[in-house]
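> The following comprises the amino acid sequence and a computationally predicted model.
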Amino acid sequence: MPAIVAGVPRIAVMVPPLPDGAGRVDPAVLVVCRLLGITEVYRANGPAGLAALGFGTATINPVRKIVGPGSPAVTAAQVELQRHGVATMMVLGPTESMMVADESTDARRAALDLLIEAEHGEDSTVLLVATNRDVIDAIDRELDHLIAQLPCCARHCSACRSRRQWWRSAHRIVERSMRRGQRIRPRTLATCDSTAPCR
């Protein structure tokens, strides 16, 4: 359940700076925070950012709980913070995501979902299980198109990393039977067909 829905009185968001060296953060994150009424936003990331939230600094009041996945270093920092009384979510390992697609799949929506999953990190795995090669080719074309539409900074910082991650970690499996695709038990599973547009 989202913290806002649960009525959490104080929500602090930690946003990593864009890797362009300018110290800016993704403006889309700031827009979402504004729309949700979140005013406590900090530009930080990694174990140092978690330590700032967990222990507090001269300008950041400490929080009681930290949630959200991250790199192995972030996971280790969360475990360390637990030892100091800061509640964290359960320790998560690398993400394993799988999408099952057939001829009725909306290629653009599938590409969007795959791109989001591929951004989880280089130690995560994204699988695309499809009934034939044409489905995979259509989704690949949409991935190229979506990345080309991103602003230059996002294209170089986020999307290009995602695309490299996609080619490195995505395993395309052509299955003649969707039943065979059900043998894999990933942490995240999306089925995309005429009855379920990527759920």
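All right, it came through fine. This structure is a prediction, so every number in the text was calculated from the model and none was measured.
> Report the separation between the nearest residue to residue 16 once chain neighbours are set aside and residue 33.
For residue 16, the nearest residue in space outside its immediate sequence neighbours is residue 45; the separation is 3.4 Å by C-beta to C-beta, 6 or more residues apart in numbering. C-beta here means a position set from N, CA and C on the backbone, and glycine is covered the same way. Shown here: residue 45 relative to residue 33, a distance of 16 Å by C-beta to C-beta, to the nearest Å.
> now the helices: where do they sit in this structure?
If DSSP state H is used as the criterion, the helices of the chain fall at 3-6, 27-36, 46-55, 72-83, 107-118, 133-149, 152-154, 160-169, 178-181.
> Out of those helices, which is closest to residue 189?
helix 178-181 (9.4 Å; C-beta to C-beta).
> Let me see the mean pLDDT of the closest one.
Taken as a whole, helix 178-181 has an average pLDDT of 60.
> next one: stretch 112-128
The average pLDDT for stretch 112-128 rounds to 76.
> Okay, domains of the protein per the record?
In the domain annotation for the chain, the residue ranges read 3-88, 96-192 (automatic domain parsing).
> Find the one among those domains with the highest mean neighbour count.
Of all these, domain 96-192 has the most neighbours on average by mean count of other C-beta atoms under 10 Å, namely a mean of 17.
> measure that one end to end?
Taking C-alpha to C-alpha, to the nearest Å, domain 96-192 runs 17 Å from one end to the other.
> And the pLDDT for the residue lying farthest from the centre of the chain?
Relative to the C-alpha centroid of the chain, counting by C-alpha atoms, centre = their mean, residue 58 is the outermost residue, at 30.5 Å. The per-residue pLDDT reported for residue 58 equals 96.
> Check residue 199 too.
The predicted local distance difference test score for residue 199 is 55.
> Low-confidence stretches in this structure?
Across the chain, residues meeting the criterion (pLDDT under 70) sit at 119-122, 150-182, 193-199.
> pretty sure residue 92 is touching residue 74, no?
No: counting by C-beta atoms under 8 Å, residue 92 does not reach residue 74; the two are 9.6 Å apart.
> Can you pull the residues that touch both of these two?
Residues touching both residue 92 and residue 74 (C-beta atoms under 8 Å, 6 or more residues apart in numbering): none.
> What separation do you get for the closest residue to residue 73 other than its chain neighbours and residue 123?
Computed as C-beta to C-beta, 6+ apart, the closest residue to residue 73 that is not its neighbour in sequence is residue 47, at 5.4 Å. Separation of residue 47 from residue 123 (C-beta to C-beta): 16 Å.
> same check, this time on residue 65
25 Å.
> What of residue 80?
From residue 80 across to residue 123, the span is 20 Å (C-beta to C-beta).
> and what of residue 42?
Using C-beta to C-beta, residue 42 is found at 25 Å from residue 123.
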